[in-house]
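Participant: coordinates only, no sequence provided:
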């Protein structure tokens, strides 16, 4: 049995293949080198081929192909009549609950907009689309229990093309996206007129702002008694642009602060209502808004839910994973409790060691194979060196989680500025994430559960010990690691603690500015050559510059 899931919605194209036991998933962007997959040739579908090859399957042997309603037909054209098309939010919900391994849970899906509501239009160019969906999930599947919709407007040219974001009323995803666009925090590819908002930057900017705009921005979002929200997309965009018309940093930071605060309040409102409707204590989260790790932490703190699971590919790339789970359960008859839950996020292809050796040889770097690689690298990190770290299968989702990472000591505080200014070449206000052994997390962070996918922000309880990892507001978006999920990073953290007394490292994505995270060994070597990194670890090899 082979199931192929396909995801994306104008950006973030991805594929996921499974035989019911193994999962392979990868973003198109990682394989074509274009951030968010913008400008991708969907007919070629490089990620489709990579996932099927990894599974040892072919297009001819695939039994079920599943895509959501926002995936354009060219992505699955070659499969023709074997394709099952499903609702966008339902696919998101399957990605979260299927990956979680939980027996029963409420599922919250929140994004810019999902599938169109059949038969409803709001005038020329306008249709209604789902914006927030709540499900009850258990052994029998997923049941929709509440849904918010909003008027979704696109220009006439998009009616005959594939889905584009447009403007969507009653959408927390669009609300936050509009703030990011007003702040100029967006990425536009060479062949698209629709920028992809980089909301993580807005989230990082927010703690630098004061509360001058909070009340005015809060008036844009009405919290409805039925657990939904009411928002005028056009009004929000207009207000945001006016508030930052000065271009001054203080105004820009204040808008980010206001948008973040109002988003958090609204999500707590929605989550509390979903808890009341379901009575469940576990919550699974998917949809692009699920990448807002600050809001996830607040949901955990301020709602009755006792545990929260956010699927690592919460954005539209995760649709492929949800479609694969849907295909296994609804089409192939696999019971919900036998779906292959995620043990980690390392779902990408694995590349032979010879490719790394050949790439390193061509580059002319000094290469060695230390007998004690973790000890050697821990020593380098303790001496203040910056290390590119490349291992095994790539992570699925936007976070580098110890297989495609740049690692550094979390001290002194100037390490953050060095990484931003000289290594990553990115905005100075953006924080870096700490990685810590799961069993040591409570010694540094106020968080009552694991955070393996770096999608929950918690208060740093010892900021003086890890000053480069604590954001300006005293929080951090941490990753916890156990010895089963990532034994190499787990051991490295232990060896670093032996040398320094600190159990935490900085972990940021291994990529050149404006490019996707590296995927192949050749990508890693090329990025190492272009960046101000001191060393590169590829598998068991340690490469150094000159």
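Facilitator: Arrived safely. Since this is a predicted model, take the numbers as computed values, not measurements.

Participant: heading C-terminal from the lowest-mean-pLDDT helix or strand in the chain, find the next helix or strand.
Facilitator: The least trusted helix or strand in the chain, going by mean pLDDT, DSSP states H and E, turns out to be strand 116-121, with a mean of 68. Per DSSP states H and E, the first helix or strand lying C-terminal to strand 116-121 is strand 126-138.

Participant: need phi/psi at residue 436.
Facilitator: When read as degrees, to the nearest 10, the backbone of residue 436 gives phi -150, psi 150.

Participant: number of residues surrounding residue 448?
Facilitator: 12 (other C-beta atoms under 10 Å). In short, each C-beta sits where N, CA and C put it, glycine included.

Participant: OK, contacts around it?
Facilitator: residue 300 (C-beta atoms under 8 Å, 6 or more residues apart in numbering).

Participant: host element of it?
Facilitator: Judged by DSSP H and E, residue 448 forms part of no helix or strand.

Participant: relative to residue 433, how far out is it?
Facilitator: 19 Å (C-beta to C-beta, to the nearest Å).

Participant: do the same with residue 351
Facilitator: Distance check for residue 351 against residue 433: by C-beta to C-beta, it reads 25 Å.

Participant: for residue 472, same thing?
Facilitator: Counting by C-beta to C-beta, the separation of residue 472 from residue 433 is 15 Å.

Participant: what about these two, which has more around it?
Facilitator: More neighbours surround residue 433 than the other of residue 472 and residue 433, with 23 against 11 (other C-beta under 10 Å).

Participant: specify the beta-bridge partners of that one.
Facilitator: Note on residue 433: beta-bridge partners by DSSP bridges are residue 507.

Participant: strands of the stretch 401-546 of the chain, start to end?
Facilitator: Secondary structure of the stretch 401-546 of the chain (DSSP state E, counting those that start in this stretch): strands located at 404-408, 433-437, 445-446, 457-460, 475-477, 479-481, 504-509, 535-538, 541-544.

Participant: where along the stretch 401-546 of the chain do the helices fall?
Facilitator: 414-418, 487-500, 521-530 (DSSP state H, counting those that start in this stretch).

Participant: pick the most buried one from those helices.
Facilitator: Burial of these is given as mean neighbour count (mean count of other C-beta atoms under 10 Å); helix 521-530 ranks first at a mean of 21.

Participant: tell me the mean pLDDT over it?
Facilitator: In this model, helix 521-530 has a mean pLDDT of 97.

Participant: quick one: contacts of it?
Facilitator: Contacts of helix 521-530 (C-beta under 8 Å, 6+ apart): 33, 351, 355-356, 359-360, 362-363, 365, 388, 390, 404, 510-512, 515, 518, 536, 538, 543, 545.

Participant: how big is the angle separating that helix from strand 404-408?
Facilitator: 30 degrees (axes from the mean of the first three to the mean of the last three C-alpha atoms, to 10 degrees).

Participant: the most centrally placed residue in the chain: what's it in contact with?
Facilitator: Residue closest to the mean C-alpha point of the chain, counted by C-alpha atoms, centre = their mean, is residue 398 at 4.0 Å. Residues in contact with residue 398 (C-beta under 8 Å, 6+ apart) are 200, 291, 313, 315, 317, 509, 517.

Participant: so residue 544 touches residue 366, yeah?
Facilitator: Yes: if you go by C-beta atoms under 8 Å, residue 544 and residue 366 touch, sitting 4.7 Å apart.

Participant: okay, these two: which has more neighbours?
Facilitator: residue 544 (15 against 11).

Participant: that one and residue 170, how far apart?
Facilitator: Residue 544 is 54 Å from residue 170, where distance means C-beta to C-beta.

Participant: repeat that for residue 55.
Facilitator: Noted for residue 55: a distance of 40 Å to residue 170, by C-beta to C-beta.

Participant: and what of residue 68?
Facilitator: Note on residue 68: its distance to residue 170, by C-beta to C-beta, is 20 Å.

Participant: residues near the residue lying closest to residue 541 once chain neighbours are set aside, how many?
Facilitator: Residue nearest to residue 541 in three dimensions, not counting chain neighbours: residue 367, with 5.4 Å by C-beta to C-beta, 6 or more residues apart in numbering. Each residue near residue 367 was counted by other C-beta under 10 Å, and the total is 16.

Participant: re the thing from before, among the helices of the stretch 401-546 of the chain, which comes closest to residue 212?
Facilitator: helix 414-418 (26.4 Å; C-beta to C-beta).

Participant: what mean pLDDT does that closest one get?
Facilitator: 96.

Participant: likewise stretch 177-190?
Facilitator: For stretch 177-190, the mean pLDDT works out to 90.

Participant: likewise for stretch 231-239?
Facilitator: What stretch 231-239 shows for mean pLDDT is 97.

Participant: again, but for stretch 39-46
Facilitator: Stretch 39-46 comes out at a mean pLDDT of 91.

Participant: can you check stretch 387-406 too?
Facilitator: 97.

Participant: end to end on that stretch, go ahead and measure it.
Facilitator: Taking C-alpha to C-alpha, to the nearest Å, stretch 387-406 runs 6 Å from one end to the other.

Participant: what's the local residue count around residue 390?
Facilitator: Here the count is done by other C-beta under 10 Å, and residue 390 has 26 residues near it.

Participant: how far away is the nearest residue to it once chain neighbours are set aside from residue 388?
Facilitator: Once flanking residues are discounted, residue 390 sits nearest to residue 524: 4.3 Å by C-beta to C-beta, 6+ apart. For residue 524, the distance to residue 388 equals 7 Å [C-beta to C-beta].

Participant: ok, now residue 61?
Facilitator: Distance from residue 61 to residue 388, by C-beta to C-beta: 37 Å.

Participant: these two: which is more packed in?
Facilitator: Neighbours were counted for residue 61 and for residue 388 using other C-beta under 10 Å; residue 388 has more, 23 against 11.

Participant: which SS class is the more buried one?
Facilitator: Here residue 388 is recorded as strand under DSSP: H, G, I helix; E, B strand; the rest coil.

Participant: ok, it - contacts?
Facilitator: Residues near residue 388 by C-beta under 8 Å, 6+ apart: 405-407, 510, 524, 527-528, 531, 533, 535-537.

Participant: closest to residue 250 out of those residues?
Facilitator: Here the nearest of the contacts of residue 388 to residue 250, counting by C-beta to C-beta, is residue 406; it sits at 30.8 Å.

Participant: related to what we said a few turns ago, show only the entries of the contacts of residue 398 found in helices.
Facilitator: Within these, residues falling in helices by DSSP state H are residue 200.

Participant: for the contacts of residue 388, give me CSV that also has distance to residue 207.
Facilitator: Formatted as CSV, the contacts of residue 388 follow (distance: C-beta to C-beta, whole Å):
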residue, distance to residue 207
405, 24
406, 23
407, 24
510, 25
524, 32
527, 29
528, 32
531, 27
533, 28
535, 32
536, 32
537, 32
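
Participant: tell me which of these is nearest to residue 460?
Facilitator: When those are ranked by distance to residue 460 (C-beta to C-beta), residue 407 comes first, at 18.5 Å.

Participant: number of nearby residues for that closest one?
Facilitator: For residue 407, the count of nearby residues is 28 (other C-beta under 10 Å).

Participant: just the one 5 residues further on next, same as before
Facilitator: Counted by other C-beta under 10 Å, the residues lying close to residue 412 total 12.

Participant: can you pull out the helices in the stretch 51-200 of the chain?
Facilitator: Going by DSSP H, counting those that start in this stretch, the stretch 51-200 of the chain shows helices at 88-100, 172-182, 199-205.

Participant: does residue 425 really touch residue 515, like I thought?
Facilitator: No: contact between residue 425 and residue 515 fails when scored by C-beta under 8 Å: they sit 11.0 Å apart.

Participant: who's in contact with the residue lying closest to residue 143 once chain neighbours are set aside?
Facilitator: Leaving out its chain neighbours, the residue that sits closest to residue 143 by C-beta to C-beta, 6+ apart is residue 136, at 5.0 Å. Residue 136 makes contacts with 104, 106-107, 142-143, 145, 277-278, 280, as judged by C-beta under 8 Å, 6+ apart.
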